[in-house]
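> curious how this folds, go ahead:
(one chain, ligands or ions: 1)
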Amino acid sequence: MSSLLRLNQVEAFIQKFHILHDISFEVPKGEVTVLLGRNGAGKTTTLRTIMGLNKVSKGSINFQGEEIGNLLTHRIANKGIGFVPEEQGIFGELTVGENMRVAMKKEDEQTTKRMEWVLDLFPDLKKFWKKPGGALSGGQKQMLAIARAYVNENELLLIDEPSKGLAPIIVDKVTESIQQMKEQTTILLVEQNFLMASKIGKKFYIIDDGRTVHSGQMDELKEDKVLMKKYLGIS
Ligand SMILES: Nc1ncnc2c1ncn2[C@@H]1O[C@H](COP(=O)(O)OP(=O)(O)OP(=O)(O)O)[C@@H](O)[C@H]1O
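Predicted structure coming up:
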């Protein structure tokens with residue numbers, strides 16, 4: 001299967017701190033690839049660096065055969081990469097409907113169809129269409145954040161810890177929705193919730209101290225107790 005995104009020996013700093021030392025991985029088209037690792041390992045920084053929110057100091061980021069490292073963020077987004085950040089990035093003062101409209105890059109038939117599809121997937125968004133984003137529950141905010149990224153025709157979605165802070169029953173709902181979404185879009189997922197990651201992901205990479213240290217198939221990782229304990233703290 002061809003790779004949509006390929007990072008090769010990426011390094012990045014945040015201010016004077018060297019955070020990413022050697023990040024290399026590939027995201028095959030049509031699959032969900034998961035980045036795993038302990039708190040502070042560098043997963044969020046990796047996604048932000050792909051989006052051009054942190055500078056690449058060394059290495060390359062190739063998307064669909066083109067170098068995108070250090071392009072401006074809006075250019076990267078316009079190439080077809082959607083980002084659902086950990087802090088969700090929704091507008092608390094705008095209604096659900098306004099949040100969706102602000103996110104839409106086009107108003108063509110394709111976008112309208114995607115909007116209909118995503119509102120069927122998350123009926124709460126339809127129900128609370130006129131409610132301010134800030135008044136939604138944590139789970140509803142997460143759904144709105146995912147819907148905002150999905151509504152545009154992206155080739156790749158980067159989703160940062162969608163289960164964070166959500167009750168288990170809501171995590172199940174978000175898991176189910178990403179499972180449906182993966183039929184249509186390639187996804188790079190950062191997730192600490194191993195159960196969720198293992199339900200959705202095909203291939204995994206483990207990041208430790210700013211380096212990709214392991215990779216493999218999610219199915220195999222479940223059986224590897226030593227690796228799970230060493231890098232993920234799961235016993
Ligand atoms: N603005 C910042 N200034 C200095 N250091 C930072 C900043 N943001 C992140 N870091 C550091 O960069 C490292 C990687 O952080 P990052 O958020 O990428 O980790 P993560 O793997 O996503 O962890 P988590 O699951 O806790 O979000 C951490 O050591 C963190 O303290």
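> neighbours of the residue lying closest to D224 once chain neighbours are set aside, just the number please.
Excluding the flanking residues, the one nearest D224 by CB to CB, 6 or more residues apart in numbering is G216, at 7.9 Å. C-beta: built from backbone N, CA, C; applies to glycine. When neighbours are counted by other CB atoms under 10 Å, G216 registers 13.
> which strand or helix spans the most centrally placed residue in the chain?
The chain has I159 as the residue nearest its centroid, 1.4 Å off, counting by CA atoms, centre = their mean. Taking DSSP states H and E as the definition, one finds I159 inside strand 156-160.
> ok but K58 is inside a strand, no?
Yes. Judged by DSSP: H, G, I helix; E, B strand; the rest coil, K58 forms part of a strand.
> my guess is it contacts Q9. True?
Yes. The pair K58 and Q9 passes the contact test of CB atoms under 8 Å, sitting 6.7 Å apart.
> follow-up on the earlier one: now do the contacts for the residue nearest to D224.
When contacts are counted by CB atoms under 8 Å, 6 or more residues apart in numbering, G216 touches 203-204, 224.
> on that earlier part again, what's the strand holding I159 packed up against?
helix 43-50, strand 81-84, helix 138-150, strand 186-190 (3 or more CB pairs under 8 Å, 6 or more residues apart in numbering; DSSP states H and E).
> hey, least reliable of these by pLDDT?
Mean pLDDT is lowest for helix 138-150 among the helices and strands packed on strand 156-160, at a mean of 89.
> picking up where we left off before, overlap of the contact sets of K58 and Q9?
Taking CB under 8 Å, 6+ apart as the contact rule, K58 and Q9 have no neighbour in common.
> quickly find the element holding the residue nearest to D224.
In the assignment (DSSP H and E), G216 maps to strand 211-217.
> for that strand, give the mean pLDDT please.
94.
> list the buried ones in that strand?
Residues 211-212, 214 are the ones in strand 211-217 that count as buried (16 or more other CB atoms under 10 Å).
> cool, and stretch 203-210?
For stretch 203-210, burial by neighbour count (16+ other CB under 10 Å) applies to 203-208, 210.
> indicate which one of the helices and strands packed on strand 156-160 is closest to Q110.
Nearest of those to Q110, taken as CB to CB: helix 138-150 at 12.4 Å.
> and that closest one, what other elements does it pack with?
Helices and strands in packing contact with helix 138-150 are listed as strand 81-84, helix 96-103, helix 109-121, helix 123-127, strand 156-160, helix 168-181; criterion 3+ CB pairs under 8 Å, 6+ apart.
> centre of the chain to that helix, how far?
Its chain's C-alpha centre and that of helix 138-150 lie 12 Å apart, by CA atoms, centre = their mean, to the nearest Å.
> now stretch 13-21
21 Å.
> surely A147 touches M100?
Yes. In this structure, A147 is within contact of M100 by CB under 8 Å, at 6.7 Å.
> would you mind listing what in this structure touches the ligand?
Within the chain, the positions near the ligand by CB under 6 Å from any ligand atom are 14-15, 17, 19, 37, 39-45, 192.
> ok, of the residues you listed, which come out buried?
By 16+ other CB under 10 Å, these give 19, 37, 41-45, 192 as buried.
> now those residues as JSON lines including distance to Q180?
Formatted as JSON lines, these follow (distance: CB to CB, whole Å):
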{"residue": "I19", "distance to Q180": "34"}
{"residue": "G37", "distance to Q180": "26"}
{"residue": "A41", "distance to Q180": "29"}
{"residue": "G42", "distance to Q180": "29"}
{"residue": "K43", "distance to Q180": "24"}
{"residue": "T44", "distance to Q180": "25"}
{"residue": "T45", "distance to Q180": "29"}
{"residue": "Q192", "distance to Q180": "22"}
